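Student: No sequence on hand, only this structure:
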């Protein structure tokens, strides 16, 4: 098994609140060559199907900056990033790299942090926190997403083309408020999802009703000092 993959699968490029890395294999495979994620986040579904022509969109300029950096970064540039530091702003690296590291030093954050969490500094989890192991893994993967695109734009600005659409908006209610842009007109979003050309996979949570969702699975999230949490995922799918 290479550092870059598990049976051809890439590891997550960074940790993010609400990421679909664990749930991604539960959704149908893309039926089109072009794959679009208009709420990119850490793009767990696209990472799983990285060989497709991927277009990411997000309104959070930090997310867009991180993906722009990863798409263009050379392996040597990733390997030159420091592993040990006390504050991200002390580093002499591009701002996009600071945001990238900020997502790694506090797991499951909705925005890049500035100082490492205590458990990150402990070094007990070298394969899942920012470490030499993770740095080498990401460096070995960046060459596999050179063909990706990322844009800082609203979902409404994404061109309606034949594609596999993986639409994972912020959850409704309290759990969705952690995102920078979480005020979304669900009626408008639902109509927009219904109007997509091609295969459409829309993520939600059990109880959301702005589309006729069906329960998908109960998915464990990452473990924290408070224990492991679970998300009750729902989905609406139109296969074209």
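Tutor: Sure thing, it's come through. The shown structure was predicted, so the numbers you read here are calculated from the model rather than taken from an experiment.
Student: Where do the strands of the protein begin and end?
Tutor: Using DSSP state E, the strands found in the chain span residues 5-6, 9-10, 34-37, 53-58, 149-152, 163-167, 198-205, 214-224, 227-238.
Student: Tell me how many other residues surround residue 64.
Tutor: 20 (other CB atoms under 10 Å). Every residue, glycine included, has its C-beta placed from N, CA and C.
Student: ok, now residue 57?
Tutor: Count around residue 57 with other CB under 10 Å applied: 21.
Student: Which strand residues bridge it?
Tutor: residue 151 (DSSP bridges).
Student: State the distance from it to residue 46.
Tutor: Distance of residue 57 to residue 46, computed by CB to CB, to the nearest Å: 11 Å.
Student: if I look at residue 189, how far off is residue 78?
Tutor: When residue 189 is compared with residue 78 (using CB to CB), they lie 35 Å apart.
Student: whoops, residue 106 was the one
Tutor: Separation of residue 106 from residue 78 (CB to CB): 20 Å.
Student: In space, what's closest to the most centrally placed residue in the chain - neighbours in sequence excluded?
Tutor: The centroid of the chain falls nearest to residue 42 when counting by CA atoms, centre = their mean (1.3 Å). Nearest residue to residue 42 in three dimensions, chain neighbours excluded: residue 16, at 3.8 Å (CB to CB, 6 or more residues apart in numbering).
Student: any idea how far the one you found lies from residue 59?
Tutor: On the measure of CB to CB, residue 16 and residue 59 end up 15 Å apart.
Student: Repeat that for residue 69.
Tutor: On the measure of CB to CB, residue 69 and residue 59 end up 18 Å apart.
Student: all helices of the protein, in order?
Tutor: Under the criterion DSSP state H, helices of the chain are mapped to 44-48, 61-72, 75-79, 95-104, 118-122, 132-141, 186-194.
Student: Show me the shaky parts of the protein.
Tutor: 1-7, 18, 119-126, 172-183, 221-230 (pLDDT under 70).
Student: cutoff 90 now
Tutor: 1-9, 15-23, 106-111, 113-114, 116-129, 170-186, 205-208, 217-233, 239-240 (pLDDT under 90).
Student: roughly how far apart are the residue of the chain positioned farthest from its centre and residue 66?
Tutor: For the chain, the residue at maximal distance from the C-alpha centroid (CA atoms, centre = their mean) is residue 90, at 26.0 Å. As judged by CB to CB, residue 90 and residue 66 stand 19 Å apart.
Student: ok, the residue farthest from the centre of the chain to residue 17 distance?
Tutor: 25 Å.
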